[in-house]
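Q: Generate coordinates for the sequence data below:
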Amino acid sequence: MRVTPLIAFFLVAPANAESPQGSPATREASLQSGIRQVDDGDFQGAILTLDQAIQTLTAGGIVSPKELAQAHLYKGVAFVGLLQEGQAKSSFRQALLYDSELRLAKGQFPDRVVRVFEATRKGETKSVMKRPSSVPRKAGIGGVGIAAIVGGVLALGGVAAAAAGGSGPPPTPQPTPDPSRLVTPTATSGPGQILFVNADPAPGSVISGCGADLYCPQTVGMNFDVRPTVDIGSANSGRDLYLAAFLYSGTRLCLSARGNSLPFLLPAGQTQRVGVAFFTDHGCVPPVSVDGMVAALYESVGGSSLLQFRQDWRLTFAFNP
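A: Below is the predicted model:
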């Protein structure tokens with residue numbers, strides 16, 4: 001995600017400082033750490049870090065409105081990345097309380113972030129998470145309907161065959177889904193399942209304005225359901241569980257994302273919803289089309305990431321300059 005970063009400087013506290021908690025260095029480091037997590041796509045972690053930064057910035061009766069506005073702003077950006085519009089608007093309102101002149105320039109953040117921020121600033125209550133469109137969506141395409149297509153293609157065929165063998169009226173013809181918008185599971189490995197739920201924009205979309213380095217004004221956001229078949233992790237281990245997702249053009253990695261942090265223990269059979277947003281580029285130059293996706297559950301152990309299970313899909317997105 002391309003942003004206009006704050007001017008980062010770290011002041012070294014003198015050796016005789018009474019307490020580092022409220023020092024300018026600590027306040028700046030905490031805020032910058034949260035901003036970096038937002039830039040890296042670690043939205044859940046960023047929210048926790050920015051909450052700590054806000055507490056530090058308001059401690060001791062010394063308040064920096066500009067820094068607090070930035071902390072609440074990036075917290076709102078993180079909530080947008082998690083597709084939590086209400087929480088995002090609440091954070092943006094707090095940012096505007098500390099800096100009523102705060103504005104987001106086009107291209108500074110993804111379009112979805114700018115839309116939610118502007119709706120908050122103008123006091124609009126209706127949802128603006130999705131881009132307005134004058135073109136009606138096809139039945140069964142987009143949102144939850146994508147998951148129904150992925151999981152229900154064979155089921156539709158089975159229902160039609162059963163109806164044809166009965167004595168009832170002929171089945172209603174089903175619309176043929178656009179192949180470019182299908183998300184088709186392929187390879188899988190490990191003790192668990194990762195199910196694609198939905199994406200915004202929908203697979204098959206063409207995303208423009210990505211410049212020469214794949215920084216697009218519109219972010220690709222997705223939701224997955226993670227369901228292990230054995231217990232993963234330990235409630236007392238302190239190990240970090242997280243979902244990572246990757247978009248490929250052939251064998252070339254183009255975009256990646258890390259989802260919000262998961263509980264330390266995922267019991268067998270329990271489903272956990274995870275949201276991700278693809279911000280990070282890996283050298284793919286627009287125009288480029290991605291045709292494959294991988295999502296994988298990792299356990300972070302001692303600075304290393306251990307793969308637990310993964311799922312591959314076929315899908316398409318096109319990115320233009």
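
Q: Please count neighbours and contacts with C-alpha atoms only from this point.
A: Fine.

Q: got a list of what M222 touches?
A: M222 makes contact with 196-200, 275-277, according to C-alpha atoms under 8 Å, 6 or more residues apart in numbering.

Q: I'd like the distance between it and V114.
A: 18 Å (C-alpha to C-alpha, to the nearest Å).

Q: Also V220?
A: 15 Å.

Q: now R310
A: For R310, the distance to V114 (C-alpha to C-alpha) stands at 33 Å.

Q: again with V274
A: 23 Å.

Q: For the protein, give the strand that spans the most residues.
A: Of all segments of type strand in the chain, defined using DSSP state E, the longest is strand 304-319.

Q: list the helices and strands that strand packs on?
A: Using 3 or more C-alpha pairs under 8 Å, 6 or more residues apart in numbering; DSSP states H and E as the contact test, the elements touching strand 304-319 are strand 184-189, strand 192-200, strand 206-207, strand 288-301.

Q: L243 is nearest to which of the ones you listed?
A: Closest approach to L243 among the helices and strands packed on strand 304-319 is made by strand 288-301 (4.6 Å; C-alpha to C-alpha).

Q: what about that closest one, average pLDDT?
A: The pLDDT scores in strand 288-301 average 90.

Q: can you list the residues that contact it?
A: Where contact means C-alpha under 8 Å, 6+ apart, the residues beyond strand 288-301 that reach it are 194, 233, 239-250, 254, 305-320.

Q: CA-only coordinates of that strand in CSV, if you can.
A: Below are the C-alpha coordinates for strand 288-301, written out as CSV (Å, rounded to 0.1, in the frame of the first residue of the first chain):
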residue,chain,number,x,y,z
VAL,A,288,-0.2,-8.1,-15.6
SER,A,289,-2.8,-10.8,-15.0
VAL,A,290,-2.7,-13.2,-12.0
ASP,A,291,-4.1,-16.7,-12.5
GLY,A,292,-3.4,-18.5,-9.2
MET,A,293,-3.7,-18.0,-5.5
VAL,A,294,-2.3,-19.8,-2.4
ALA,A,295,-3.4,-19.4,1.2
ALA,A,296,-1.4,-21.0,4.0
LEU,A,297,-1.7,-21.2,7.8
TYR,A,298,1.7,-20.7,9.5
GLU,A,299,2.8,-21.0,13.1
SER,A,300,5.6,-18.6,14.1
VAL,A,301,8.2,-20.3,16.3
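
Q: Tell me the gap between that strand and the middle of its chain.
A: Averaging C-alpha positions (C-alpha atoms, centre = their mean, to the nearest Å) puts strand 288-301 13 Å from its chain's average.

Q: what lines up beside it in the sheet?
A: Each strand that pairs with strand 288-301, with its direction, by DSSP bridges: strand 240-249 (antiparallel), strand 304-319 (antiparallel).

Q: can you give me the helices for the stretch 51-200 of the chain?
A: 65-81, 85-98, 111-121, 144-165 (DSSP state H, counting those that start in this stretch).

Q: packing partners for the first one?
A: Other helices and strands packing on helix 65-81, by 3+ C-alpha pairs under 8 Å, 6+ apart, are helix 24-40, helix 43-57, helix 85-98, helix 111-121, strand 272-278.

Q: got the contact list for it?
A: 31, 34-35, 38, 41, 43-44, 46-47, 50, 53-54, 57, 85, 87-92, 94-99, 112-113, 116, 129, 221, 275-277.

Q: Can you select the buried ones from those residues in PyMOL?
A: To isolate the buried ones among the contacts of helix 65-81 in PyMOL, judged by 16 or more other C-alpha atoms under 10 Å, type:
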select buried, resi 31+34+35+38+41+43+44+46+47+50+53+54+57+85+87+88+89+90+91+92+94+95+96+98+99+112+113+116+129+221+275+276+277
